[in-house]
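Colleague: what follows is a protein structure lacking sequence information:
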């Protein structure tokens, strides 16, 4: 009688184990060729933005969008993109240009007037 209950449990455990290990990486052999690493932007490729004052990093290019971080005054980072969005009047300027940045692991958008561009 016990065998009827044990067999389904073993099969279930095997399936769960397969689900957890299906996408895991397997260590390569020592000395094997490693895949090429995608090149990252270098300092020469970076167009810097620096914060004139503390400014929230937004998920989208609008003022009421969710804040994902804070770009702190006098900090510097690389601009990853530029776009237009909601108009604003911030940091003693108005406009609708936004910079995409990553700062302290938070990627999002800041108003261009608050993140001055440095070439």
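Modeller: Arrived safely. Model, not experiment: these values are computed from the prediction. Residues are numbered from 1 along each chain as shown.
Colleague: switch to C-alpha atoms for all contacts and neighbour counts from now on
Modeller: Will do.
Colleague: helices or strands up against the strand ranked longest in the chain?
Modeller: Taking DSSP state E as the criterion, the chain has its longest strand at strand 76-90. Using 3 or more CA pairs under 8 Å, 6 or more residues apart in numbering; DSSP states H and E as the contact criterion, the elements in contact with strand 76-90 are strand 48-51, strand 93-103.
Colleague: buried residues in the longest one?
Modeller: If I follow you right, that is strand 93-103. 96, 97, 98, 99, 100, 101, 102, 103 (16 or more other CA atoms under 10 Å).
Colleague: other residues contacting the helix or strand following that strand?
Modeller: For strand 93-103, the succeeding helix or strand toward the C-terminus, using DSSP states H and E, is strand 106-111. Residues outside strand 106-111 that contact it (CA atoms under 8 Å, 6 or more residues apart in numbering): 55-61, 68-69, 88, 90, 96-102.
Colleague: if we go to 7 Å?
Modeller: 56-61, 68-69, 97-102 (CA atoms under 7 Å, 6 or more residues apart in numbering).
Colleague: tell me what angle that strand forms with strand 93-103.
Modeller: Direction vectors for strand 106-111 and strand 93-103, defined by axes from the mean of the first three to the mean of the last three CA atoms, to 10 degrees, enclose an angle of 170 degrees.
Colleague: beyond strand 106-111, next helix or strand please.
Modeller: Per DSSP H and E, the first helix or strand lying C-terminal to strand 106-111 is strand 115-118.
Colleague: which strands and helices lie in contact with that next one?
Modeller: Other elements packing on strand 115-118 under the criterion 3 or more CA pairs under 7 Å, 6 or more residues apart in numbering; DSSP states H and E are strand 48-51.
Colleague: could you give the mean pLDDT of the strand it packs on?
Modeller: Strand 48-51 carries an average pLDDT of 90.
Colleague: do stretch 78-94 as well
Modeller: On average, stretch 78-94 scores 93.
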